[in-house]
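Enquirer: just the structure for this:
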Amino acid sequence: MDARLNIFTSPTAGKFVKHLFGAGKVLAESTLPARTQELVKLRASQINGCGYCTDMHFKDAVAAGEEPMRLNLVAAWREATVFTEAEHAALELTEEGTRLADAAGGVSDEVWANAAKHYDEEQLAALVAAIALINTWNRINVIVRNPAGDYQPGQFG
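Expert: Below you'll find the model as predicted:
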């Protein structure tokens, strides 16, 4: 399978993704735990059916020392005992923030309050930004049909 469009050779798409990479660097420098960020990226990518990002974030997380067993359970996080309460809150916020069309009310006050119990304001800002950013990447990769499987950890810096 070949991608419909190479987003790195298109002048317009290339400029756009350059800014997305910059946003990712801001998040990497935030106080939101890197492990939480990878869980969020993986879960949103699963929900959105983005094979490219699912492959990327699984591999990046393993390369950073995350346990493959925990990553395997991200899709069933509600029943898994391997995640902290804070990670549960982040995954719940990720799901509601990713599935906006499924709930007319968007993110519920209960889900927000639960996340706010575990993360300070800056971490919440980073969490919201991380959810928005991965959803953007998912949509780009699904639309252009970037194939999954060939990503190498750290490939983009």
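Enquirer: can you tell me the centre-most residue of this protein?
Expert: When the chain is reduced to its mean C-alpha position, the nearest residue by CA atoms, centre = their mean turns out to be residue 41, at 1.6 Å.
Enquirer: got any ranges where this structure has weak pLDDT?
Expert: Counting by pLDDT under 70, the low-confidence segments of the chain come to 157.
Enquirer: strands along that one, start to end?
Expert: Across the chain, reading from the start of the chain, there are no strands by DSSP state E.
Enquirer: list the buried residues for the longest helix belonging to it?
Expert: With DSSP state H setting the assignment, residue counts place helix 121-144 as the longest helix in the chain. By neighbour count with 16 or more other CB atoms under 10 Å, helix 121-144 contains the buried residues 123-124, 126-131, 133-135, 137-138, 140-142, 144. Placement of C-beta: from N, CA and C, glycine included.
Enquirer: burial measure for the closest residue to residue 16 other than its chain neighbours, as a count.
Expert: Once flanking residues are discounted, residue 16 sits nearest to residue 7: 7.9 Å by CB to CB, 6 or more residues apart in numbering. Number of residues near residue 7 (other CB atoms under 10 Å) recorded here: 18.
Enquirer: hang on, residue 7 packs against residue 13?
Expert: Yes - between residue 7 and residue 13 a contact is recorded at 4.1 Å, counting by CB atoms under 8 Å.
Enquirer: need the residues touching each of the two.
Expert: residue 140 (CB atoms under 8 Å, 6 or more residues apart in numbering).
Enquirer: what about the spatially closest residue to residue 118 that is not a sequence neighbour, distance to residue 141?
Expert: In space, residue 118 comes closest to residue 86 once its chain neighbours are excluded; the distance is 3.7 Å by CB to CB, 6+ apart. Taken as CB to CB, to the nearest Å, the spacing of residue 86 relative to residue 141 amounts to 28 Å.
Enquirer: ok, residue 126 next?
Expert: Counting by CB to CB, the gap from residue 126 to residue 141 is 22 Å.
Enquirer: so for the residue nearest to the centre of the chain, what's the nearest residue that isn't a sequence neighbour?
Expert: Leaving out its chain neighbours, the residue that sits closest to residue 41 by CB to CB, 6+ apart is residue 57, at 4.2 Å.
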